[in-house]
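>>> next input, structure requested:
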Amino acid sequence: MGLLTTLHVELPGWLVDRLEELPAVLPTLEERMDVADELADLTWRSGDGARSPHSWSRRTGPCCPWA
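Here you go, the predicted structure:
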């Protein structure tokens, strides 16, 4: 088996739609982190990703009470 030299990645439709709504530049770290938190939450809600028991959000804190 040889080394893979290509990778095809396609963004989910909900993400493409959301990215079109965002400004071209998010000038502050706070704005960028807010979008990162929102996209992580949308990824989990859409079923496109799994939330780790060690996940943490700046808005909600740890996702489990013992973390």
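>>> three-state assignment of the spatially closest residue to Leu22 that is not a sequence neighbour?
Of all residues beyond its chain neighbours, the one nearest Leu22 is Val35 (6.6 Å), with distances taken as C-beta to C-beta, 6 or more residues apart in numbering. The way it works is simple: take the backbone N, C-alpha and C, and place the C-beta from them, glycine included. Three-state call for Val35 (DSSP: H, G, I helix; E, B strand; the rest coil): helix.
>>> show me where this protein has its helices.
13-21, 29-46 (DSSP state H).
>>> what's the most buried one of those?
Most buried of the helices of the chain, by mean neighbour count (mean count of other C-beta atoms under 10 Å): helix 29-46, with a mean of 13.
>>> from the chain's centroid, how far away is it?
In terms of C-alpha atoms, centre = their mean, to the nearest Å, the centre of helix 29-46 is found 5 Å from the chain centre.
>>> and the spatially most central residue of the chain, how far from Leu15?
Centroid-nearest residue in the chain: Ala40, 3.0 Å away (criterion: C-alpha atoms, centre = their mean). With the distance defined as C-beta to C-beta, to the nearest Å, Ala40 ends up 11 Å from Leu15.
>>> next: Leu4.
Taking C-beta to C-beta, one finds Leu4 at 24 Å from Leu15.
>>> now swap in Thr43 and tell me
For Thr43, the distance to Leu15 - C-beta to C-beta - is 8 Å.
>>> so for stretch 33-48, mean pLDDT?
The average pLDDT within stretch 33-48 is 85.
>>> offset the numbering so it begins at 55, please.
In the new numbering, first residue 55, that becomes stretch 87-102.
>>> what's the pLDDT at the closest residue in space to Arg86 that isn't next to it in sequence?
Closest residue to Arg86 apart from its sequence neighbours, by C-beta to C-beta, 6+ apart: Leu80 at 4.7 Å. For Leu80, the model assigns a pLDDT of 94.
>>> repeat that for Pro107.
At Pro107, pLDDT is 49.
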